[in-house]
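Participant: I need the structure of the sequence given here:
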Amino acid sequence: MTDLDPGLDLFPLVAAILAATTCGVLGNFLVLQRRSLMGDAISHAVLPGLVVAFLLAGQRSPIAMLLGAATAGLVTVVLSETVRRFGRVEPGAAMGVVFCGLFALGVLLIEQAAARQVDLDADCVLYGQLETLAWFGAPDTWVETFGWSTLLSTPRQVWLLVAVGFATVLFIACLYKELRLVSFDAPLAAALGLHPRAINLGLMVLVALATVASFEAVGSILVIAMLICPAAIARLLTNRFRSQLLLSVAIAATAAVVGYRSATLLPALGGWESVNAAGMITVVLGVLLVLAIVAAPTEGVMARFWRRRRVRRVIGLEDLLAKLWRAEEAPVAALADAPARFDRDVIRRARRFGLVTGTPSDPRLTAPGRRMAAGVVRRHRLWENFLVEQLGLSPDHVHETAERLEHLGQVHLDGPEVDPHGRSIPSGDDGPSDIPEKSTTMDS
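Facilitator: As a prediction, this is how the structure comes out:
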């Protein structure tokens, strides 16, 4: 199949988009609270709640399944907090113990249900089956699909995802400020009387409902990727919370569409049968996450590499200028620190910026270079004074520390006219050097 067919693809594609976007929005709060494992725990732990609800109702009733999932989600949150508090273990370990135990219980219950020959498939619950939402008897063209007949024939799984998605949007819209404050600073939220535990409990209930609504679409295992990956990708791309929410929705919807189409198109190129659509959506999310990790504009691997490279170049230039300045100040004392130790690339770069002149073996400071060098030396000696006078360090133990601090940029330190070693402190601007490659961010 190369073209989308209304009967086979409309409802599966809609369900994939709804599941991905709903889980993606909720995942933002889990990621910001550093509780990503809670989404994993709930997605596994709701399984026994689903099975018990199914066995009690005797059918896959949406209301019964939702109640069972919500109950299991609340039990997971309460048990995790109880184990953390009374077992005195870290939150991640507590959640791991709880969800592993509940998930194992759910698998056992599924096997028992299967032994009774009831309609509860483990593969469907674990991995999802988007393809089962096909619309038989659909019109031949997409234009004819939009009408009352479409609404009347919509599968209950899609309606369930619509209801949970609407509840999620309503919950976030009503408690947007509170959720944002709880996610970034829970103690402050508690001090302001916002009851962060109650807000988080409501959030976890929605995560449980979104998880069970997505079970028949993506399964209990692959829903974890939809809870975490869109939010993690958006977090790498922006530092603004509102933008992160919107980006996570766009990323989740894009992954749903691309993954669903790739599940058929990519295997067809190799002459194979189509693969599980939910699995391919997860693969697309994984690829997008890797791309974000590598190429994010500020937090990506490449951006950090180039930022650190610029910082190293600036530090090399400043070290060269400071050493040449000290050589002019005391030629005999600076003989051991001759500029020949510097890489020729550093000297070539300094000459290109007009900071030094002369040959590579005998560089000399220009007027702009001397001003910048004086600023570097001034910052170095002011920091030495601060470390000795304010922190009580020995003058013999402050040089290396001051050598690192002198590259931090502008300082506002008052001190005498001489440093702890009796050397004069140059006057002038002690702000950052005006070098084109100067980075405003110093990464540790």
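Participant: domains in the protein, by residue range?
Facilitator: If you go by automatic domain parsing, the domain ranges for the chain are 6-296, 304-405.
Participant: G358 sits in which helix or strand?
Facilitator: strand 356-359 (DSSP states H and E).
Participant: got the buried residues for the helix or strand following that strand?
Facilitator: Downstream of strand 356-359, the next assigned helix or strand under DSSP H and E is strand 362-365. Residues of strand 362-365 classed as buried: P363, L365 (neighbour count, 16 or more other CB atoms under 10 Å). C-beta here means a position set from N, CA and C on the backbone, and glycine is covered the same way.
Participant: equivalent analysis for stretch 75-95, please.
Facilitator: V75, T76, V77, L79, S80, V83, R84, G92, A94, M95.
Participant: tell me the one of the residues you listed nearest A374?
Facilitator: Using CB to CB, G92 comes nearest to A374 of the buried residues of stretch 75-95, at 52.0 Å.
Participant: what pLDDT does the model give the residue lying closest to the closest one once chain neighbours are set aside?
Facilitator: Leaving aside its chain neighbours, G92 sits nearest to L37 (5.4 Å; criterion: CB to CB, 6 or more residues apart in numbering). The model reports L37 with a pLDDT of 78.
Participant: residues contacting L37?
Facilitator: With contacts defined as CB atoms under 8 Å, 6 or more residues apart in numbering, L37 is in contact with P91, G92, M95, G96.
Participant: including secondary structure, distance to G375 and pLDDT, could those residues go into JSON lines?
Facilitator: Formatted as JSON lines, these follow (DSSP: H, G, I helix; E, B strand; the rest coil; distance: CB to CB, whole Å; pLDDT from 0 to 100):
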{"residue": "P91", "secondary structure": "helix", "distance to G375": "48", "pLDDT": "75"}
{"residue": "G92", "secondary structure": "helix", "distance to G375": "47", "pLDDT": "76"}
{"residue": "M95", "secondary structure": "helix", "distance to G375": "52", "pLDDT": "80"}
{"residue": "G96", "secondary structure": "helix", "distance to G375": "53", "pLDDT": "81"}
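Participant: can you redo these as JSON lines with distance to A191?
Facilitator: Shown next, in JSON lines, are the contacts of L37 (distance: CB to CB, whole Å):
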{"residue": "P91", "distance to A191": "21"}
{"residue": "G92", "distance to A191": "26"}
{"residue": "M95", "distance to A191": "26"}
{"residue": "G96", "distance to A191": "31"}
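Participant: and the residues you listed, which is closest to L13?
Facilitator: Distance to L13 across the contacts of L37 (CB to CB) is lowest for M95, with 33.0 Å.
Participant: now the closest one: how far from H195?
Facilitator: 22 Å (CB to CB, to the nearest Å).
Participant: cool, and Q33?
Facilitator: For Q33, the distance to H195 - CB to CB - is 15 Å.
Participant: which pLDDT value belongs to the residue nearest to I17 when sequence neighbours are not counted?
Facilitator: Excluding its sequence neighbours, the residue lying closest to I17 (CB to CB, 6+ apart) is A256, at 4.6 Å. On the pLDDT scale, A256 is placed at 91.
Participant: is it true that A256 touches T22?
Facilitator: No. Applying CB atoms under 8 Å, one finds A256 not in contact with T22, separated by 10.9 Å.
Participant: what about the longest helix along the chain, average pLDDT?
Facilitator: Assignment by DSSP state H gives helix 196-237 as the longest helix of the chain. Helix 196-237 shows a mean pLDDT of 84.
Participant: distance from the helix or strand encompassing A20 to the middle of the chain?
Facilitator: Element membership for A20, per DSSP H and E: helix 6-32. Helix 6-32 sits 19 Å away from the centroid of its parent chain (CA atoms, centre = their mean, to the nearest Å).
Participant: relative to helix 196-237, how tilted is it?
Facilitator: Relative orientation of helix 6-32 and helix 196-237, computed by axes from the mean of the first three to the mean of the last three CA atoms, to 10 degrees: 110 degrees.
Participant: re the thing from before, wasn't the residue nearest to G92 part of a helix?
Facilitator: Yes. Counting by DSSP: H, G, I helix; E, B strand; the rest coil, L37 is found in a helix.
Participant: from here on, count from 72
Facilitator: Renumbered: residue one is now 72, and that last one reads L108.
Participant: before we move on, back to that, looking at the domains of the chain, which is buried most?
Facilitator: domain 77-367 (a mean of 19; mean count of other CB atoms under 10 Å).
Participant: how far off centre is that one?
Facilitator: Relative to the mean C-alpha coordinate of its chain, domain 77-367 is positioned 18 Å out (CA atoms, centre = their mean).
Participant: my guess is G371 contacts L360, does it?
Facilitator: No. At 11.5 Å, G371 and L360 do not qualify as touching, with contact defined as CB under 8 Å.
Participant: residue contacts, L265?
Facilitator: So L265 contacts E249, L252, V253 (CB under 8 Å, 6+ apart).
Participant: next one: V168
Facilitator: V154, V160.
Participant: that one: which element?
Facilitator: Here V168 is assigned to helix 162-186, by DSSP H and E.
Participant: what element comes up after the host helix or strand of F376 heading to the C-terminus?
Facilitator: Assigned by DSSP H and E, F376 belongs to helix 372-400. Later in the chain than helix 372-400, the nearest helix or strand by DSSP H and E is helix 415-423.
Participant: elements contacting that next one?
Facilitator: For helix 415-423, the elements it packs on are helix 372-400, strand 427-430, strand 433-436, judged by 3 or more CB pairs under 8 Å, 6 or more residues apart in numbering; DSSP states H and E.
Participant: need those in a markdown table with mean pLDDT, can you?
Facilitator: Shown next, in a markdown table, are these (pLDDT from 0 to 100):
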| stretch | mean pLDDT |
| --- | --- |
| helix 372-400 | 88 |
| strand 427-430 | 84 |
| strand 433-436 | 84 |
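Participant: nearest to V448, of those?
Facilitator: Taking CB to CB, helix 372-400 is the member of these nearest to V448, at 5.3 Å.
Participant: any idea how far I322 is from L362?
Facilitator: On the measure of CB to CB, L362 and I322 end up 11 Å apart.
Participant: so, low pLDDT: which residues of the protein?
Facilitator: The model of the chain has pLDDT under 70 over residues 72-79, 131, 133, 184-200, 202-224, 287-288, 291-292, 402-413, 481-487, 499-515.
Participant: center of it - which residue?
Facilitator: A303 (3.1 Å; CA atoms, centre = their mean).
Participant: that older thread, can I get the helices and strands packed on helix 415-423 in a markdown table including distance to Y331?
Facilitator: Shown next, in a markdown table, are those (distance: least, CB to CB, whole Å):
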| stretch | distance to Y331 |
| --- | --- |
| helix 372-400 | 29 |
| strand 427-430 | 60 |
| strand 433-436 | 62 |
